Each structure stands twice: as structure tokens, then as C-alpha cells.
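Q: Got a predicted structure plus its sequence, pasted below:
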Amino acid sequence: MLALDSIETFYGVSQALFGVSLEVRAGQMVALLGRNGMGKTTTVNSIMGLTVPRKGTVSFNRRPLQSLPSHAIARAGLALVPEGRRIFPNLTLRENLAATAANRRAIANPWTIDRVFAMFPSLVERADNMGHALSGGEQQMLAIGRALLTNPELLILDEATEGLAPMIRAEIWRCLSDLKAEGLAIMVIDKNLDALMRLADWHYIMEKGRIVWSGDSAALTAEPDIRARHLGV
């Protein structure tokens, strides 16, 4: 579904990604792991057209993406829940959701605002509250709901549960488990390795802008030295 082949991305003259290759297959959950500053967000931004790779290719359903603007990439079927949530602070929760709602692929059972509320019932009573008045957990649930309302084929989450209370983190992981069970492809960045080992089908580890390891949860469990070297604090 999603394929990155040898992408190299720069910020000015500073190179951030060095030949990054990875893939996400239909229905998979893929984890992108690594310490802070190793290139994970730059990889996501390179997929979404926010930082355009100078070399290599990004394709989705065999369609090249790296020359497209971000809005065209989103309309191709990718949805991003960005680090920091980036909701509209001066719109209500319901208006934030309505702003992105679209069923461009005319799927039979599209995401609607009511369906988002069914997934996150705690948002219902906050529907008329302004975005800036929501808690961090409510904002993250809103950001996920906003992304789902584009009815994507692939959902990308950058720091899915960072800074959230344990109960909210559990709610987010429940949501992602349910979405995976429905067949939605998911790419997730997060530091909660225990949850990712349970849910993710495949893991990529980044170190200084490069993919240094990849494998499934069983392989990562069997290599504690890899976890300690690349993921330990």
C-alpha cells in the first residue's frame, strides 16, 4: 500500500534522512520506533509532502506521491494525526470534526461525526466546547476523529499517546486495536513499546535518519540488545 524507497530529505543543507525504505501493507499496523530526533517525524512529513524528499520515491497504491502537494496526498487516502494534535482552537469540537468530513471514495460505511462519537463517547458532552478548552486527551481523541472523517485507507499517528494520562492512553490503544480489526492500515510512532509489541505487525527502528532494524514483534522480543541499544533511555 505505502512504499518508501531510498528517500533522502534535507532541511536546507542539513540532511535528515539517509536512504529510508519501508512499507505498510493493506490492513497492517506498522510501528516506527526510535529515540527523539532520529528522523521519525521527518519520515512522516516526507510521506505527507510537508518536507519533500530530494531523492527516492514515495508511493501509495503504486501512485507516486513525492511530487504532490500535501492536500492532494491527503485526498489520495492518507490521514495524519500530527504530533501536538494541531486542532483548530477557535472552533468547537463538532466544528473541528465537520471541517474534515468527506467520503471522496464513496465507501459503503463511511466515518461520520456520530460514528466518531460512538468510538469516543466522552467527546459527546464536549461537542460545543472550543478546541482550546479541551484537555490534552480530548484533543488527541478529536485529532484521531478528525483524521478518520476523511475516510482514509491509511492512518498515520505521530506520537499517538505522548503526554497523556494512563486511562486516556488505554482508550487510544483500544481505538487503534478496533481500527486494525476493521482492516484499516495504520502507521504509528509512539514510545509505548509494550502496546506496540501487542498490536503492531511490523516494526522499523530509526537511528540518525536511517532504518537500522526491522522485524515483527517476535523478532524484537528475541533481541533485547536491539531494544536496549536503540530504544533504551
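A: Arrived safely. Residues are numbered from 1 along each chain as shown.

Q: okay, CA-based contacts and neighbour counts for the rest of this
A: Noted.

Q: Which strands and helices lie in contact with the least confident helix or strand in the chain by mean pLDDT?
A: Every helix and strand in the chain was compared by mean pLDDT, DSSP states H and E; the lowest is helix 224-230, with a mean of 88. Here helix 224-230 touches strand 202-207, going by 3 or more C-alpha pairs under 8 Å, 6 or more residues apart in numbering; DSSP states H and E.

Q: Would you mind identifying the next helix or strand past the strand it packs on?
A: Once the chain leaves strand 202-207, the next helix or strand it forms, by DSSP states H and E, is strand 210-215.

Q: Give the rounded mean pLDDT of that next one.
A: Averaged over strand 210-215, pLDDT sits at 96.

Q: hang on, the earlier thing: identify all contacting residues around the least confident helix or strand of the chain.
A: 34-35, 205-207, 220 (C-alpha atoms under 8 Å, 6 or more residues apart in numbering).

Q: What of stretch 83-96?
A: Here stretch 83-96 has contacts from 113, 126-133, 139-140, 142-143, 146, 157-160, using C-alpha under 8 Å, 6+ apart.

Q: Let's see that with 10 Å instead.
A: Defining contact as C-alpha atoms under 10 Å, 6 or more residues apart in numbering, one finds that stretch 83-96 is touched by 41, 81, 97-99, 113, 117, 123-124, 126-134, 136-146, 157-163, 189.

Q: Can I take it that residue 139 is in a helix?
A: Yes - with DSSP: H, G, I helix; E, B strand; the rest coil as the criterion, residue 139 is located in a helix.

Q: List the residues that contact it.
A: Residue 139 makes contact with 84-89, 93, 123, 131-133, 145, according to C-alpha under 10 Å, 6+ apart.

Q: Kindly recompute the last result at 7 Å.
A: residue 85 (C-alpha atoms under 7 Å, 6 or more residues apart in numbering).

Q: for the one 10 residues further on, same thing?
A: Counting by C-alpha under 7 Å, 6+ apart, residue 149 touches 100-102, 111-112.

Q: Run through this protein and note the low-pLDDT ranges.
A: By pLDDT under 70, the low-scoring segments of the chain are 233.

Q: show me where it has helices.
A: In the chain, the helices defined using DSSP state H lie at 40-47, 70-75, 93-100, 113-119, 136-148, 166-181, 193-199, 217-221, 224-230.

Q: Now the ones you listed in CSV, please, with extra columns for distance to residue 18.
A: What follows is the helices of the chain, written out as CSV (distance: least, C-alpha to C-alpha, whole Å):
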stretch, distance to residue 18
helix 40-47, 10
helix 70-75, 22
helix 93-100, 33
helix 113-119, 38
helix 136-148, 29
helix 166-181, 30
helix 193-199, 25
helix 217-221, 23
helix 224-230, 17
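
Q: Of those, which is nearest residue 26?
A: Nearest to residue 26, of all those, is helix 166-181, at 10.2 Å by C-alpha to C-alpha.

Q: And the residue lying closest to residue 161 once chain neighbours are set aside, how far from residue 199?
A: Nearest non-adjacent residue to residue 161, counting by C-alpha to C-alpha, 6 or more residues apart in numbering: residue 169, 5.5 Å away. To residue 199, residue 169 is 14 Å away according to C-alpha to C-alpha, to the nearest Å.
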